[in-house]
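Visitor: Any chance you could fold what I've pasted below:
(one chain, ligands or ions: 1)
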Amino acid sequence: MEGPVWRCRAHELRCGGRTLLMGVLNVTPDSFSDGGAFLDPEAAVAQGVRMAEEGADVLDVGGESTRPGADEVPVDVELDRVVPVIERLVKEIDRPISVDTRRAIVARAAIEVGASIVNDVTAARDPEMLTLVRDTGAGLVLMHMLGEPKTMQVDPRYDDVVGEVRSFLADRIGAAVAAGVPRSSLCVDPGIGFGKTLEHNLLLLRAIGTFRELRVPVLVGPSRKRFIGELTGVENPAERLEGTAGAVAWCAAQGVDVVRVHDVGAMRRVVDVVDAIARKGRR
Ligand code: HH2
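Guide: Have a look, this model is predicted:
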């Protein structure tokens, strides 16, 4: 199955042949499922290397939690967390590194030390973000979020969640292309859990195959999230492995190009099986 090629500076990610995995590396004290585990740069780099060995196609390094209710982190703190880790990982592994940030200033510093992708949960609200991506050739993930992390889970409402999220992403693709960003640098994400109830998340996942009509790679981040806890009764996010596997298998079978996961080794085994069944012409 041929899919789009996602161009991210020196890297070309071929989609379609198999489901790509983006490994989550949170250099934070307070992320919802692994807060504090990788705040130490040595531990973060070791985890990044481990995830690459386990089959991550991209590593996503973040220095600010965007869990529901989270406060903003000062910019210098975010920079201090992510830049040294990205700088070391770029030297140690040959996979593209993405920076999970909504600030162009952080994205710029990350790209300067070798990051190839900006994963922006605000779909480039920072006015500098699109020109930065255009000028550097970085890849860009445009994700849908309703409002801000602080308040997004306070009674989120939509008339038609799938239609509204899809047309938001189409508009952001349009804005990026109008700013001079090549379409081949873009990837879209419906933002599971970002201003969505359980029902909203299920509707989006059920319809995820239709997001491929946007003609850019589709990324989904279901890993360990609250909706999985709600469906399975598992309170501790770090213990939501099987529920995550269910969501990841569904995404792979629906043709999602990239899944963002914490448990790379386990999810590699899940998508290897689903891809063999669902996708022809595996690479
Ligand atoms: N989810 C989280 C963070 N970044 N980026 C994209 N593109 N899609 C997602 O679904 C997504 C994301 C939240 O997960 P995590 O990084 O584990 O938690 P926290 O925000 O608490 O650090």
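Visitor: so what does the host helix or strand of residue 219 touch, helix or strand wise?
Guide: In this structure, residue 219 sits in strand 219-220 according to DSSP states H and E. Applying 3 or more C-beta pairs under 8 Å, 6 or more residues apart in numbering; DSSP states H and E, we find strand 219-220 packed against strand 186-189, strand 258-261. To be clear about C-beta, it is placed using only N, CA and C from the backbone, and glycine gets the same treatment.
Visitor: okay, and for this protein, where does confidence drop off?
Guide: 1, 281-283 (pLDDT under 70).
Visitor: Residue 222 contacts residue 228, doesn't it?
Guide: Yes: at 6.8 Å, residue 222 counts as touching residue 228 under the criterion of C-beta atoms under 8 Å.
Visitor: Pairing partners for the strand holding residue 219, with directions?
Guide: strand 258-261 (parallel) (DSSP bridges).
Visitor: Give me the distance between the two termini of stretch 178-193.
Guide: End-to-end distance of stretch 178-193 (C-alpha to C-alpha, to the nearest Å): 29 Å.
Visitor: Sort out which residues of that stretch are buried, please.
Guide: 181, 185-193 (16 or more other C-beta atoms under 10 Å).
Visitor: picking up where we left off before, show me how far the strand holding residue 219 is from its chain's centre.
Guide: Averaging C-alpha positions (C-alpha atoms, centre = their mean, to the nearest Å) puts strand 219-220 6 Å from its chain's average.
Visitor: After it, which helix or strand is next?
Guide: helix 226-232.
Visitor: Show me what that next one is packed against.
Guide: helix 198-206, helix 241-253.
Visitor: any chance of those in a markdown table, plus mean neighbour count and distance to the ligand?
Guide: Listed next are the helices and strands packed on helix 226-232 as a markdown table, based on neighbours: other C-beta atoms under 10 Å; distance: least, C-beta to the nearest ligand atom, whole Å:
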| stretch | mean neighbour count | distance to the ligand |
| --- | --- | --- |
| helix 198-206 | 18 | 10 |
| helix 241-253 | 20 | 11 |
